[in-house]
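**Q** Sequence isn't available, so here's the structure alone:
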C-alpha cells in the first residue's frame, strides 16, 4: 500500500476510535444509565461466518459491574483482510494468512490507540483500572492489542515464545 493510502487508513481508524469512545460514554446510545466502568474493550467482527465477511469490528465493553456496552461504535478494518474475487470469503483460508491479517490490523489499531489515548473522549470513559483492548474474529482468532492504564501509559502484551 502507498504511504498516502496507509495514512488515510490510519486517519480513519483514529476517527473510528474517537467516535466509538464518544458512543461508549453516551448512556442514551448504550442503554446503560448510569454508565458502568470498563476494564476490557473487545472490538469484534463476524469474520468469515457471514458472506461477505463483516469486517467492521464492533465494540463490546465490560468491567467488574458487568457489561458496559455491546455492539457499539466500530472500526472498519476491511482493508487489512483482502477478500477473494467474489468478495465472499477471505482471499485465503490458511491460518497463517488470517493471523497475518489480524496482526497487521492489530498494529494499526495500536497505533490509533496511541494517537487518541490523551483525547477527551477516552478520558471521559469510566474505567475500572487499566483497560485491555482486544481484536476478535468470531470463531477464528483473537489478539490482545494492549492495556491502557488510567494515566495513559500503554502496556503491550508479553511476546509469545516461539
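**A** Nice, thanks for sending it over. Every value quoted in this text rests on a predicted model; they were computed, and no experiment measured them.

**Q** Report all helices and strands that the helix or strand bottoming out on mean pLDDT in the chain contacts.
**A** In the chain, no helix or strand scores lower on mean pLDDT, DSSP states H and E than helix 27-30, which sits at a mean of 88. Helix 27-30 sits against helix 3-24, strand 66-76, with contacts defined as 3 or more Cβ pairs under 8 Å, 6 or more residues apart in numbering; DSSP states H and E. All C-beta spots, glycine's among them, are computed from the backbone N, C-alpha and C.

**Q** what angle separates the very next helix or strand once past that helix from strand 66-76?
**A** Remark: after helix 27-30, the chain's next helix or strand is strand 38-45, criterion DSSP states H and E. On the basis of axes from the mean of the first three to the mean of the last three Cα atoms, to 10 degrees, strand 38-45 is oriented at 40 degrees to strand 66-76.

**Q** pretty sure residue 54 contacts residue 44?
**A** No - if you go by Cβ atoms under 8 Å, residue 54 and residue 44 don't touch, sitting 10.0 Å apart.

**Q** quick revisit: nearest to residue 122, out of the helices and strands packed on helix 27-30?
**A** Among the helices and strands packed on helix 27-30, helix 3-24 comes nearest to residue 122, with 5.2 Å by Cβ to Cβ.

**Q** what comes up buried for the closest one?
**A** By 16 or more other Cβ atoms under 10 Å, the buried positions in helix 3-24 come out as 9, 12, 13, 14, 16, 17, 18, 20, 21, 22, 23, 24.

**Q** Of those, which is the nearest to residue 109?
**A** So of the buried residues of helix 3-24, ranked by how close each gets to residue 109 (Cβ to Cβ), first place is residue 13, at 6.3 Å.

**Q** Find the nearest non-adjacent residue to the closest one, please.
**A** Nearest non-adjacent residue to residue 13, counting by Cβ to Cβ, 6 or more residues apart in numbering: residue 112, 4.2 Å away.
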